[in-house]
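Visitor: got a sequence here, can you build the structure:
(chains A and B)
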Protein chains: 2
Amino acid sequence: MKIKITFLGTSQAVPTATRNHTAIHISYANENILVDCGEGTQRQFRKAKINPCKLTRILITHWHGDHVLGLPGLLQTLALNNYNKTLHIYGPLGTKDSLDKIMDTFVFVSRDQLKLSIHEVPDGLVFETPDFFVEARKMHHGIACLAYRFVEKDRVKLDKKKFTRYGLSESPILKVLKEKGKIKWKGKTIRLEQVSKIVKGRKIALILDTKLNKNCYEIAKNADLLICEATYSQEDAEKAKEYKHLTAKEAAEIAKKAKAKKLILTHISQRYEKKEEILLKEAKKIFRNTSIAKDLEKIEV
Amino acid sequence: MKIKITFLGTSQAVPTATRNHTAIHISYANENILVDCGEGTQRQFRKAKINPCKLTRILITHWHGDHVLGLPGLLQTLALNNYNKTLHIYGPLGTKDSLDKIMDTFVFVSRDQLKLSIHEVPDGLVFETPDFFVEARKMHHGIACLAYRFVEKDRVKLDKKKFTRYGLSESPILKVLKEKGKIKWKGKTIRLEQVSKIVKGRKIALILDTKLNKNCYEIAKNADLLICEATYSQEDAEKAKEYKHLTAKEAAEIAKKAKAKKLILTHISQRYEKKEEILLKEAKKIFRNTSIAKDLEKIEV
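Guide: Reported below is the predicted structural model:
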């Protein structure tokens, strides 16, 4: 199964002509997950030709305006388009109260028209499906803030080379073997591990607003893809500290230390509007397989 | 002086790939006025190459999400860009409370960083400058809702043909005449009205969400330009009534009855995404000088 990622928005607090506020869409099997929902996200859905009514879950990293101002409009549009599932929204402590406030302030559809299930996540497991789980780690950004990690479960895959050795072919008996873990076959017991291999699950880590902290390495550990904020270049390392953000260099150091395979920088500040190569160069010196996200860019992991 | 109008957003509740939520920018002399501020408006400013820090006033027609969800983000961006004037925000009764709520829910800059002056307008005069005034009339849209009208004051303009008859030339004495209303010249009293003409001020009316009501004709009376919502075509006249909106036909009837010179339809629903000519044809049958607004379109009156 493919994991499809669409960058719906990649700007820092102030959007530019080419970058909308932060929102990342992850599609996997029947799940469509939105990470953060900056202002204008519902229109980015239109431009990316993704139907927002297929959303199953929304993960909020933190409640700063540039990460959540698109929520009321998106929820309103879902209601207007007769969204009929239960939408699960996850976020740090305080999420229930913040969501209550925006629903009261803005959304003009009746709250009963949308089935929302709000989950406050202190840290750790966010939710789990048969195929994958999402976990969160606390970040340091002045307010309650989480980084997320999408973890596909390792899969047991039958190995044709191995099972044909036992005279087994691709028949219903293999299904039984996979389900039960062992079968009797021509008088012998065959165990699943004798005829299969483990396909390692993929990992995608998302670190949005934070200053550098040890949980960054943990959430990014062995990630096939690390999507990481890089609000400043190293020249403005002092500002990054003051406003509790990462530099491109720090993002690359996290990727390197965590042994990630690929790094995509996002949450790009307007100050780099015509000189984004500064961020890219700085990161690539430390972690070669780095790129900078573009709005509406789609990638597969 | 030119009156420059920029359509920053022209969609109804749900934006499309080509239409953002409602926002209209009016520029005149030193005043830059924003009428409504739907989600994504701050980015539309960037695309239209208009500096939002030059804003002097914001007029809100009503507090439905699609007309105001861009406010917190815009205010945040103004604060981040060191906006240093007092920003006047006008809206119907309830505006103070609604603005308080959004500032509390979202904006992460300190409220002290922005000098806001909030004015609740029941009906009538909104504000006045030496050159023009803005007035409001109550609309019918289920919640407190206003239509606005920008009225340039009539100007007295010296008429060269007339003043040369009295042996006056374009000298400082004319300035005195204009200021004092009369002068003594070669033994005679010359009054301003003898050597001048009246240049009629221009009028721009903005009717956003409402069902048809008598105040529509009043606010649009003799407008050089009427900008009017046309959420439905006449085929959906029942829906227009139910949701308290206008049809394109009704917008044209307002323009005709009010003797407006030009009509621009806006607040276009996604249902007409590929067949907007339905709305245009319907309106043109009744009022020929009609067009449909496009996002980022700039016009001068």
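Visitor: A:Leu265: what's it in contact with?
Guide: Going by CB atoms under 8 Å, 6 or more residues apart in numbering or on different chains, A:Leu265 touches A:Cys228, A:Glu229, A:Ala230, A:Ala248, A:Ala251, A:Leu279, A:Leu280, A:Ala283, A:Thr290, A:Ser291, A:Ile292, A:Ala293. Every residue, glycine included, has its C-beta placed from N, CA and C.
Visitor: same deal with A:His21?
Guide: Counting by CB under 8 Å, 6+ apart, A:His21 touches A:Gly9, A:Ser11, A:Pro15, A:Gly38, A:Glu39, A:Gly40, A:Thr41, A:Asp66, A:His67, A:Leu69, A:Gly70, B:Gly73.
Visitor: so where's chain A shaky on pLDDT?
Guide: Applying pLDDT under 70 to chain A flags residues A:106-111.
Visitor: give me the residue from it nearest chain B.
Guide: A:Gly40 (3.8 Å; CB to the nearest CB).
Visitor: now for A:Pro130, how many residues are close by?
Guide: Using other CB atoms under 10 Å in any protein chain shown, A:Pro130 has 7 other residues around it.
Visitor: meant to ask about A:Arg202, not that
Guide: By other CB under 10 Å, neighbour count at A:Arg202 equals 18.
Visitor: A:Gln270 contacts A:Gln12, correct?
Guide: Yes. A:Gln270 is within contact range of A:Gln12, at 6.9 Å (criterion: CB atoms under 8 Å).
Visitor: pick out whichever of those two has more residues nearby.
Guide: More crowded of A:Gln270 and A:Gln12, by other CB under 10 Å: A:Gln12, with 26 against 17.
Visitor: so the more buried one sits right up against A:His267, yeah?
Guide: Yes. With contacts counted by CB under 8 Å, A:Gln12 reaches A:His267, the gap being 5.2 Å.
Visitor: overlap of the contact sets of the two?
Guide: Contacts common to A:Gln12 and A:His267, judged by CB under 8 Å, 6+ apart, are A:Thr231.
Visitor: can I get the contacts of A:His21 in CSV with distance to A:Ala260?
Guide: Formatted as CSV, the contacts of A:His21 follow (distance: CB to CB, whole Å):
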residue, distance to A:Ala260
A:Gly9, 22
A:Ser11, 23
A:Pro15, 27
A:Gly38, 24
A:Glu39, 29
A:Gly40, 29
A:Thr41, 26
A:Asp66, 25
A:His67, 22
A:Leu69, 30
A:Gly70, 28
B:Gly73, 32
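Visitor: among those, which ones are buried?
Guide: A:Gly9, A:Ser11, A:Pro15, A:Gly38, A:Glu39, A:Gly40, A:Thr41, A:Asp66, A:His67, A:Leu69, A:Gly70, B:Gly73 (16 or more other CB atoms under 10 Å in any protein chain shown).
Visitor: returning to what we had before: and the contacts of A:Leu265, which are buried?
Guide: A:Cys228, A:Glu229, A:Ala230, A:Ala248, A:Ala251, A:Leu279, A:Leu280, A:Ala283, A:Thr290, A:Ile292, A:Ala293.
Visitor: hmm, the first one is touching A:Ile268, no?
Guide: No. Using CB under 8 Å, A:Cys228 is not in contact with A:Ile268, being 11.5 Å away.
Visitor: among the buried ones among the contacts of A:Leu265, which pair sits farthest apart?
Guide: The largest distance within these, taken as CB to CB, falls between A:Glu229 and A:Leu280 and amounts to 14.4 Å.
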